[in-house]
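Student: sequence and predicted structure are below.
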Amino acid sequence: MALADYREHTSYHLDIMTLVNNEGEAFDMRGLFLQCFINESIYDNFLSGEVIFVDSLGLFEKIKFSGQESLRIRFYQPTGTGQPTHEDDIIDKVFRIYKIGDNKRIDQNTQTVSCRFASPELLDAKRKRISQSFKGEVLSLAAKIAEDYLDISNDPSSISGTLQPGFEWRTPASEEHQVIIPNWTVQNTINWLCSKAQANDYSSSPLDSYFFYQTANGNFRINSIREMFTSESATATFYYTDVGNEYNQAPLGYDNTNPEDPSTIGPGSGRRILDYYIASTSSVLDATVSGFFGSKLVTINNTGKYYSERTYDYLERFFSKSKGERGLDDEPLIRLEPETLYIGARQGQVTADTTTEGTYNTYKALNKYPDAYHLLMNQSEFVNDDKGIVRSVNGSAHFGGQQMRQATAQLMKFHTTQCLISTRTDISCGQVINLRIPLPLPDATGLKREQQFHDGRHLITNIQWMFNQHICNTNIVCMKDSLQNNLETTPAKYVGGLPDEDGA
């Protein structure tokens, strides 16, 4: 079974892998599994995974596998300090096995079986339905439904450890609404309420998109992209170095603040990017036709019997300072000046300057095409209330909440990076990290950090821990919020309440 060795970047310690059937019979599976996957994502409400067991002792018959067993998994990263790993840095969860399959005979005396598992709350979220009218703030309703139907506690003081489901973080309540749930599953209801929590006024941003998800080393959360990005206390730096780099020859610090400074090297597996793959740097066509850069919303008001139009602009909404802060970092992911396409000329000598043969055409900036994506929505301001007090959950549709959520979904796919990092059990989705990926040049040390294209802040959206008897590969997918190397020489102009530093 796996024992932690801080000198190895993929080392980990598997403390518990215990399977219990419905009769209460427990089995230690640490020496019987071939491979295990645990998946976490802000797009998935619950943790899920798969484990492959091998049997040459007839154990499967004794367990009586039926897809109704529980599986507890507890593992953690090495510290190398001689001190025990802090409980906040340990993954310790109880899962429900829900599918048994892929039973294969290896030889006369050996067979394997695959078990799919997920958080126990997943099954109830899919098999329980709600037909009810509610009054209240939609995020509070989502949390209350999770407590009533899934036993996810709303009281942090009543939660003891991560084995008991509860909300680790929940966005505060705001305006009350009236909602009617028409025989939806609990999972659909919670996700729908989170989608309706956006854009209750004109100052709302696409970053006010809310997600309900579970973390492996924490608990359940309901929070927004804005809250994820502003949680600077959780920011850590992960860095990529070549195999020949001197810092790659020694174990790096568990809690060192500057991995590039040899004086800070200490014990622990470090925060190393062992490999990376940039899945998407830019997808302009998809982003244009899917409402990332601009869109138009037509809202039909059933109460007042009129319709309204609203356009959305990438620069205005993502980088607005109307709430006293920029939505993201300073530099957008695209050029926001008008596009000029040039015609490349035939080139002469290698030493001569590269030239063009003039202009092909000039187009408006990417964010100036709202007709590329249209939305049509119905709006009802009030519900059975002639005094205009009880608001419908769709009463704020004309503020463009659906436009902004659509734009946020495209932002999270626009510039994404996949990384294989040192074994870490102290990270979670919704956490902002710094990636240090130097340029692929013989000597890039003279370049400023802000000139390096893929460096900077990234938001973790997916994590997969994939481990076997010896190693644990921690794979993350993260999105970039902005570019440090400004694409344009012209400073971006921001709209909203506060002026830029230059007074614009």
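Tutor: Noted; the coordinates are in hand. Residues are numbered from 1 along each chain as shown.

Student: please enumerate the helices of this structure.
Tutor: Using DSSP state H, the helices of the chain run over residues 59-63, 121-127, 138-150, 186-195, 225-229, 284-289, 314-318, 401-414.

Student: closest one to C429 among these?
Tutor: helix 225-229 (8.7 Å; C-beta to C-beta). C-beta here means a position set from N, CA and C on the backbone, and glycine is covered the same way.

Student: picking up where we left off before, among the helices of the chain, which comes closest to S308?
Tutor: S308 lies closest, by C-beta to C-beta, to one member of these: helix 401-414, at 12.9 Å.

Student: go through the closest one and flag the buried ones.
Tutor: Neighbour counts using 16 or more other C-beta atoms under 10 Å place 401-408, 410-414 of helix 401-414 among the buried residues.

Student: what's the answer for stretch 460-471, then?
Tutor: Those would be I460, T461, N462, I463, Q464, W465, M466, F467, for stretch 460-471 by 16+ other C-beta under 10 Å.

Student: in contact with the second one, which residues?
Tutor: Put plainly, it is T461. Residues in contact with T461 (C-beta atoms under 8 Å, 6 or more residues apart in numbering) are S41, I42, Y43, M412, T416, C429, V477, C478, M479.

Student: can you put the helices of the chain in CSV and add distance to T299 and mean pLDDT?
Tutor: Listed next are the helices of the chain as CSV, based on distance: least, C-beta to C-beta, whole Å; pLDDT from 0 to 100:
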stretch, distance to T299, mean pLDDT
helix 59-63, 57, 79
helix 121-127, 31, 95
helix 138-150, 18, 92
helix 186-195, 16, 92
helix 225-229, 23, 84
helix 284-289, 21, 90
helix 314-318, 17, 72
helix 401-414, 10, 86
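
Student: please tabulate those in TSV, including the columns distance to T423.
Tutor: Formatted as TSV, those follow (distance: least, C-beta to C-beta, whole Å):
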stretch	distance to T423
helix 59-63	28
helix 121-127	26
helix 138-150	31
helix 186-195	31
helix 225-229	23
helix 284-289	34
helix 314-318	34
helix 401-414	26
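
Student: now the buried residues of stretch 460-471 in CSV, with distance to G161 and pLDDT?
Tutor: Listed next are the buried residues of stretch 460-471 as CSV, based on distance: C-beta to C-beta, whole Å; pLDDT from 0 to 100:
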residue, distance to G161, pLDDT
I460, 23, 93
T461, 26, 94
N462, 25, 96
I463, 20, 97
Q464, 23, 96
W465, 19, 96
M466, 25, 96
F467, 22, 94
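
Student: just curious, which of these is nearest to S295?
Tutor: For the buried residues of stretch 460-471, the nearest to S295 is T461 (22.4 Å; C-beta to C-beta).

Student: and the buried residues of helix 401-414 as CSV, adding distance to L141?
Tutor: Output for the buried residues of helix 401-414, formatted as CSV (distance: C-beta to C-beta, whole Å):
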residue, distance to L141
G401, 16
Q402, 19
Q403, 23
M404, 21
R405, 18
Q406, 23
A407, 25
T408, 22
Q410, 28
L411, 27
M412, 25
K413, 29
F414, 32
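
Student: any regions of the stretch 51-200 of the chain where pLDDT drops low?
Tutor: The stretch 51-200 of the chain contains residues with pLDDT under 70 at 80-83, 173-175, 199-200.

Student: how about a cut-off of 80?
Tutor: 57-61, 78-86, 156-162, 171-177, 198-200 (pLDDT under 80).

Student: quick one, strands of it?
Tutor: Counting by DSSP state E, counting those that start in this stretch, one finds strands in the stretch 51-200 of the chain at the ranges 70-76, 90-107, 110-118, 129-136, 167-170, 177-185.

Student: mind putting those in JSON lines, mean neighbour count included?
Tutor: Output for those, formatted as JSON lines (neighbours: other C-beta atoms under 10 Å):
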{"stretch": "strand 70-76", "mean neighbour count": "21"}
{"stretch": "strand 90-107", "mean neighbour count": "16"}
{"stretch": "strand 110-118", "mean neighbour count": "19"}
{"stretch": "strand 129-136", "mean neighbour count": "14"}
{"stretch": "strand 167-170", "mean neighbour count": "18"}
{"stretch": "strand 177-185", "mean neighbour count": "16"}
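
Student: Throw those strands into JSON lines and include distance to R436, thanks.
Tutor: Listed next are these as JSON lines, based on distance: least, C-beta to C-beta, whole Å:
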{"stretch": "strand 70-76", "distance to R436": "25"}
{"stretch": "strand 90-107", "distance to R436": "25"}
{"stretch": "strand 110-118", "distance to R436": "35"}
{"stretch": "strand 129-136", "distance to R436": "45"}
{"stretch": "strand 167-170", "distance to R436": "27"}
{"stretch": "strand 177-185", "distance to R436": "43"}
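
Student: surely T425 is in contact with T215?
Tutor: No: using C-beta atoms under 8 Å, T425 makes no contact with T215, being 11.0 Å away.

Student: T355: how many residues sit nearby?
Tutor: Other residues lying near T355 total 11 when counted by other C-beta atoms under 10 Å.

Student: so which of the helices of the chain is nearest Q347?
Tutor: Checked against C-beta to C-beta, the stretch from the helices of the chain lying closest is helix 284-289, at 26.6 Å.
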